[in-house]
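Novice: Kindly generate the corresponding structure for this input.
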Amino acid sequence: MTKRTGILGMTRGGPDFRIPPSTPGGGAWRYGLALPFQAAHGLAAISCNIRAGFHDFEGGNDVILFSDPADIHSAQTVPLNRNQAERHPRTGQPAIMVKYPAHIGFVPFGAKRADGTPHPGAGIGFGLTEVVAWPVGGEVEFRGPDHYEYLELQQYSYDGKQFRVLRSEHVEVGELLSGWTLYGGPLSNAIPDGDDLLFAMAGGKLDRRGWFENRPAQGVGAGVTRWRRGQEGWRPVSFTPVTGWDRSMEPSLIRDTDGSFLFCARLSGRNAIRVWRSSRGDKTWAKVIEVSGMTGFGPMTLNQALDGTPYVAANLYDVLLHPLARRFRARENSAGVIRGGPAGREKLCIWPLSSDRTYLETPVLVRDAYAEFGPAPSGDTWNIDHPSALTVQLGDHEWHNIMAMRICDHGEVAPIWIHHGYSPAPQSGTYIEEAISAGEPIPVWNF
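Specialist: A predicted model of the protein is given here:
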């Protein structure tokens, strides 16, 4: 008799992390986008971004370690970085260097190789943060020729008692890996491959014929970097393009149950789920799924359930109805086609991949914010977005597939020209839920 596999559903609890301990007096900081990783035997962690203002004005990152999501008060919080004031390197203007999400590659403390020998990188990892210059008191980052960003590369350790930031480096986007211009922006943390770590990133070849906010107008896509630990810590040693030069961003990567790799990336302005597969290591890729029209125009991630079932998490395309929809103007795409929206981020779904990985199964509703919370306090919509999941071992020594997601009132994060910055709703924060599946657990790490 064939053993049953597949995703059965998802838990639906309240916010797990809301207000950072370091929030300034009278401030309205909130935790938001979060990416899970394994810190040690029985200890999970998330790298959690802080929203410090309206729209995309972030405030830095914390690592939060926990062994039981139901006892969140016992979690340990470790600051990684915060915004800092600097002079714009080209204009000399005062600037705030805004720290976006920290994307992490980490070998858990106590991890072993497949043959049972100690992993040489156990308890050591890295983090990569995209840092963007904003005018002091400005409503949006510097744009056009004044746009400036760099990467903050950090090295981490965990010794069974304390998570530490060992070192932080300022790295220009064209200097992280020779021959490539690489950016942050993945929506999953790194996965193991032998003694190395594989990390999805956006990047490409620098093309000086045209610029888009100081990024090349051509030659940009998403792919896989291989990271290796050396005398200077973790560094990338290669980049393999996957999507082609189509401006794909926010990629995610998993290893399938047969040892092959699966890759997904968001294509700005299109609501298509696209999945690539590589059956021969991380170097040769082929697109196996492309389905349009089901998702909203927001973040999506490729994840893996406890039993190994791959699934894509994204917002369901959901046309707003009267009276709320009257506030929004229908927009045209680059081809002059008006989309039947606007489409918000109020419903989050997961689409399991078929057993042969060539199509999407029937989606499962994860959360419906309007049904749970009613109308958003601002009169706008809710956001349930940036889902990212990982199978981790918790304090009960069992494996769990946890998904981190951000929930907030869209009025809190909308551009200033749409809303003038609403206060955080009581529901706003980072949520940690668990995907329930039918099959036997497949561990990510060997302890």
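Novice: Next, H410: phi, psi?
Specialist: phi -60, psi -30 (degrees, to the nearest 10).
Novice: show me what contacts it?
Specialist: 344-345, 376, 378, 380-383 (C-beta atoms under 8 Å, 6 or more residues apart in numbering). Bear in mind the C-beta positions are built from the backbone N, C-alpha and C, glycine included.
Novice: Could you check the pLDDT of it?
Specialist: On pLDDT, H410 comes in at 91.
Novice: Surely L176 touches E169?
Specialist: No: the pair L176 / E169 is not scored as a contact, 9.9 Å apart, by C-beta atoms under 8 Å.
Novice: buried sites along the helix or strand harbouring Q155?
Specialist: Q155 belongs to strand 149-158 when assigned by DSSP states H and E. The neighbour-count check on strand 149-158 (16 or more other C-beta atoms under 10 Å) flags 149-156, 158 as buried.
Novice: same deal with stretch 27-39?
Specialist: Under 16+ other C-beta under 10 Å, the buried positions of stretch 27-39 are 28-39.
Novice: Now do A335, the pLDDT please.
Specialist: Looking at A335, the pLDDT reads 68.
Novice: Then G296?
Specialist: We note a pLDDT of 86 for G296 in this prediction.
Novice: Please name the residues that touch it.
Specialist: G296 neighbours (C-beta under 8 Å, 6+ apart): 271, 314-318, 343-345.
Novice: now the residues you listed as a markdown table including neighbour count and secondary structure?
Specialist: Listed next are these as a markdown table, based on neighbours: other C-beta atoms under 10 Å; DSSP: H, G, I helix; E, B strand; the rest coil:
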| residue | neighbour count | secondary structure |
| --- | --- | --- |
| N271 | 21 | coil |
| A314 | 27 | strand |
| N315 | 25 | strand |
| L316 | 19 | strand |
| Y317 | 20 | coil |
| D318 | 19 | coil |
| A343 | 20 | strand |
| G344 | 28 | coil |
| R345 | 24 | strand |
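Novice: Tell me which stretches of the stretch 251-400 of the chain form strands.
Specialist: 261-267, 272-278, 286-292, 295-304, 310-316, 347-352, 364-368, 382-393, 399-409 (DSSP state E, counting those that start in this stretch).
Novice: a markdown table for those strands, including distance to I46?
Specialist: Formatted as a markdown table, the strands of the stretch 251-400 of the chain follow (distance: least, C-beta to C-beta, whole Å):
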| stretch | distance to I46 |
| --- | --- |
| strand 261-267 | 20 |
| strand 272-278 | 25 |
| strand 286-292 | 28 |
| strand 295-304 | 14 |
| strand 310-316 | 16 |
| strand 347-352 | 17 |
| strand 364-368 | 17 |
| strand 382-393 | 9 |
| strand 399-409 | 6 |
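Novice: before we move on, the earlier item: immediately after the strand holding Q155, which helix or strand?
Specialist: Taking DSSP H and E, what comes next after strand 149-158 is strand 163-171.
Novice: and that following strand, what does it pack onto?
Specialist: Where contact means 3 or more C-beta pairs under 8 Å, 6 or more residues apart in numbering; DSSP states H and E, strand 163-171 is packed against strand 76-82, strand 149-158.
Novice: what about 6 Å?
Specialist: strand 149-158 (3 or more C-beta pairs under 6 Å, 6 or more residues apart in numbering; DSSP states H and E).
Novice: which secondary structure elements does the strand it packs on contact?
Specialist: Judged by 3+ C-beta pairs under 6 Å, 6+ apart, strand 149-158 is in contact with strand 124-135, strand 163-171.
Novice: Find the residue ranges of the protein scoring beneath the pLDDT cut-off.
Specialist: Within the chain, the stretches with pLDDT under 70 are 1-5, 206-219, 322, 324-335, 338-343, 417-420.
Novice: all helices of it, in order?
Specialist: Assigned by DSSP state H, the helices in the chain fall at 369-373, 410-413.
Novice: Of all the ones you listed, which one comes closest to R229?
Specialist: Nearest to R229, of all these, is helix 410-413, at 36.4 Å by C-beta to C-beta.
Novice: ok, of the contacts of H410, which come out buried?
Specialist: Buried among these (16+ other C-beta under 10 Å): 344-345, 376, 378, 380-383.
Novice: Please identify which of those residues is nearest to A265.
Specialist: The closest of these, once distances to A265 are taken by C-beta to C-beta, is R345, at 18.3 Å.
Novice: okay, the helices of the chain, which one's buried deepest?
Specialist: Among those, helix 410-413 has the highest mean neighbour count (mean count of other C-beta atoms under 10 Å), at a mean of 23.
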